[in-house]
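1. Next input, structure requested:
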Amino acid sequence: MTIDMEGTLIYDAHGYMGHNPEFEAFGLPRFLGPDEWIRIMDRSGIQGVLVAPPWTGASDNFRTDMEIIAQAINSHPDRFFGYCRVRPRRGKTALDDLRYWIKDRGLHAVKMNTLDDNYRLDDRALIDPVMEVVSQLGVPVLFHTGDTHGATCTPEMVADIGRDFPSITFIIGHIGYPGMDHQIAAAMKRAPNTVTESASVFRRVVIQATIDAIGAERVLMGSNGPYSPTEMGPMMFRDYMDSLDMKQKGDILGGNFVRVLKLEL
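-> Numbering: from 1, shown residues only. The predicted structure follows:
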């Protein structure tokens with residue numbers, strides 16, 4: 001079955017912009033900035049990308065790269081959207097920084113990775129103060145789930161937080177894959193204010209099982225670029241998921257992104 005997707009706006013819910021020595025291992029420069037991302041998006045048919053500072057636990061608390069992201073948003077507001085990356089062990093300073101980057105500099109969402117500060121998502125004394133500020137700001141938050149440190153950041157932990165903060169939209173990163181994707185359906189059914197995204201998940205069986213369980217309206221397309229080839233994000237749904245109809249593909253490729261970020265197009 002071939003579906004004509006011409007005219008569909010495609011948005012990438014999970015990419016990275018900034019400085020990272022690890023990029024060199026992928027044959028990329030240590031710095032990936034707005035100009036490079038525009039070339040990638042134009043080549044991949046992507047209208048816009050939600051980017052986070054790369055690497056884990058940056059020594060300057062991601063400030064240098066969040067500044068680059070904020071400037072990119074200012075210069076190209078229809079193409080760049082930003083994650084504020086938070087290290088919760090910094091306490092009040094982290095909360096003040098969160099307010100600054102969202103309210104004053106125009107970033108759109110929050111990203112948290114337990115590797116950044118050696119914590120667990122079920123450490124609620126650490127997590128809840130951040131969520132209280134996120135709730136006040138009215139933005140979504142992405143938690144990295146799965147991977148080598150998946151026991152510290154499971155979909156079930158996200159669901160527990162989601163039930164206690166119903167006004168926040170929680171993005172369960174990477175569909176919990178690898179290692180925690182078996183939790184995704186039950187977790188998302190427990191917390192209806194959760195969605196998930198597909199960055200670096202290129203196994204159709206994992207993606208299809210998730211869609212079958214919770215619906216296409218709760219799945220966002222992510223690439224994890226440049227760690228994964230950015231083109232593969234939209235390609236998975238556009239060209240390799242023929243089980244989906246045109247509306248489902250359109251929702252995943254861009255419509256859900258627009259809704260979650262409350263964009264006015």
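2. Skip ahead from the helix or strand containing Arg39 and say which helix or strand is next.
-> For Arg39, the enclosing helix or strand under DSSP states H and E is helix 34-44. Next helix or strand after helix 34-44 toward the C-terminus (DSSP H and E): strand 48-52.
3. ok, back up a step: can I get the CA coordinates of the helix holding Arg39 in CSV?
-> C-alpha atoms of helix 34-44 as CSV (Å, rounded to 0.1, in the frame of the first residue of the first chain):
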residue,chain,number,x,y,z
PRO,A,34,21.7,25.6,13.2
ASP,A,35,23.2,25.7,9.7
GLU,A,36,24.0,22.0,9.7
TRP,A,37,20.5,21.2,11.0
ILE,A,38,18.8,23.2,8.3
ARG,A,39,20.7,21.2,5.7
ILE,A,40,19.8,18.0,7.4
MET,A,41,16.1,18.9,7.6
ASP,A,42,15.9,20.1,4.0
ARG,A,43,17.5,16.9,2.9
SER,A,44,15.1,14.8,5.0
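4. hmm, who's touching that helix?
-> Here helix 34-44 makes contact (CB atoms under 8 Å, 6 or more residues apart in numbering) with 10, 12, 15, 17, 29, 46-49, 51, 68, 71-72, 75-76, 79-80, 225-226, 230-231, 233-234. Quick note: C-beta positions are derived from backbone N, CA and C, even for glycine.
5. hmm, which of those are the buried ones?
-> 10, 12, 15, 17, 46-49, 51, 68, 72, 79-80, 225-226, 230, 233-234 (16 or more other CB atoms under 10 Å).
6. low-confidence ranges in the protein?
-> The chain contains residues with pLDDT under 70 at 1-6.
7. can you map out the strands along it?
-> 11-16, 18-19, 31-32, 48-52, 80-85, 109-112, 141-143, 170-172, 194-197, 219-220 (DSSP state E).
8. which helices and strands does the fourth one pack with?
-> Which is strand 48-52. Strand 48-52 sits against strand 11-16, helix 34-44, helix 63-75, strand 80-85, with contacts defined as 3 or more CB pairs under 8 Å, 6 or more residues apart in numbering; DSSP states H and E.
9. That concludes my questions; thank you for your assistance.
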